[in-house]
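> just a sequence and a predicted model for now, questions to come.
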Amino acid sequence: MRLQKVLANAGVASRRVAENLIVGGRVRVNGVVVTELGSRVDPEIDLVDVDGTAIQLDETRRYVIVNKPRGVVSSMRDERGRPDLREFTQDWGERLYNVGRLDADTSGLLVLTNDGELAHVLAHPSFGVTKVYVAKVQGRVTAQTIATLTRGIELEDGAIAADKARLLSSSAQGGGSLIELTLHSGRNRIVRRMMAAVGHPVVELVRRQFGPLHLGTLPVGRARELTKVERGALLTLARGATVEPPSASRERDS
């Protein structure tokens with residue numbers, strides 16, 4: 001299929017504008033700039049980007065964001081009959097899987113997809129994809145505690161440090177504190193264990209961001225497909241990673 005037609009079908013631009021993008025040297029196929037209008041690509045095999053942003057050509061790939069409620073387990077079929085993620089896949093015919101997990105008591109951003117390679121990049125700790133959490137914790141968190149979280153603390157399975165930590169609010173009347181933590185670790189219940197270690201157990205926890213994706217105004221218990229811009233950011237991240245063989249184990253975040 002001609003490159004300009006592929007770009008038009010992907011919703012990048014009209015065919016005429018796509019031709020201008022190609023001639024202007026703004027389109028790459030498999031990492032190589034292509035400027036010839038007669039160039040042909042295979043949408044199922046070739047990787048195309050425009051101005052460095054990846055373009056989704058394979059229409060069989062589905063990318064969905066969910067604002068998981070508390071009480072829902074991160075599984076497509078829970079063996080114990082608890083509420084699971086199947087209710088969020090009913091609007092799509094493809095068989096979707098969750099990328100990583102959130103504890104049942106943690107709400108917030110989960111990604112569902114049938115793109116195995118992208119899921120591996122997002123979930124595997126070796127790629128260092130960051131996640132942003134907002135936690136309501138017991139007690140009054142001080143600036144010294146924030147510094148401790150970013151400097152690093154020792155847990156039973158090794159040292160851990162937050163990439164960033166920020167105090168959002170703190171009550172002197174015993175109302176607890178609200179903090180924001182940015183981490184790239186995928187270790188089990190890591191946010192809860194970190195906060196317990198510094199003397200501020202988590203009361204409520206929500207994941208607001210996963211890589212380039214933000215929860216935004218998506219209501220709790222709702223799901224939607226990613227926008228074209230979000231898909232581009234996600235695919236660009238995945239293609240920029242050096243993919244290694246997938247791990248046999250699955251992580252559990254937060």
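It's in.

> which one's the longest helix in the chain?
helix 228-239 (DSSP state H).

> helices of the stretch 151-254 of the chain, start to end?
Counting by DSSP state H, counting those that start in this stretch, the stretch 151-254 of the chain has these helices, from start to end: 190-197, 228-239.

> count of neighbours near Gly100?
22 (other CB atoms under 10 Å). The way it works is simple: take the backbone N, C-alpha and C, and place the C-beta from them, glycine included.

> test my guess that it contacts His124.
No - contact criterion CB atoms under 8 Å: Gly100 and His124 do not qualify, at 9.3 Å.

> return the helix or strand in this structure with minimum mean pLDDT.
In the chain, no helix or strand scores lower on mean pLDDT, DSSP states H and E than helix 116-123, which sits at a mean of 88.

> and it, what does it pack onto?
Helices and strands touching helix 116-123, by 3 or more CB pairs under 8 Å, 6 or more residues apart in numbering; DSSP states H and E, are strand 97-99, strand 107-113, helix 228-239.

> how about the ones you listed, which one is nearest Ser170?
strand 107-113 (21.6 Å; CB to CB).

> I'd like to know which elements the closest one is packed against.
Partner elements for strand 107-113 (3+ CB pairs under 8 Å, 6+ apart): strand 63-68, strand 97-99, helix 116-123, strand 202-210, strand 213-214.

> and that strand, how far out from the chain middle?
7 Å (CA atoms, centre = their mean, to the nearest Å).

> neighbouring contacts of that strand?
Residues from elsewhere that reach strand 107-113, judged by CB atoms under 8 Å, 6 or more residues apart in numbering: 61-70, 74, 85, 88-89, 96-102, 119, 122, 133, 204-210, 213-215, 220, 223.

> partner strands of it, parallel or antiparallel?
strand 63-68 (antiparallel), strand 97-99 (antiparallel), strand 202-210 (parallel) (DSSP bridges).

> bridged to the residue most central in space within the chain, which residues?
In the chain, the centroid-proximal residue (CA atoms, centre = their mean) is Phe210; its distance is 3.3 Å. With DSSP bridges as the criterion, Phe210 is bridged to Lys131, Leu213.
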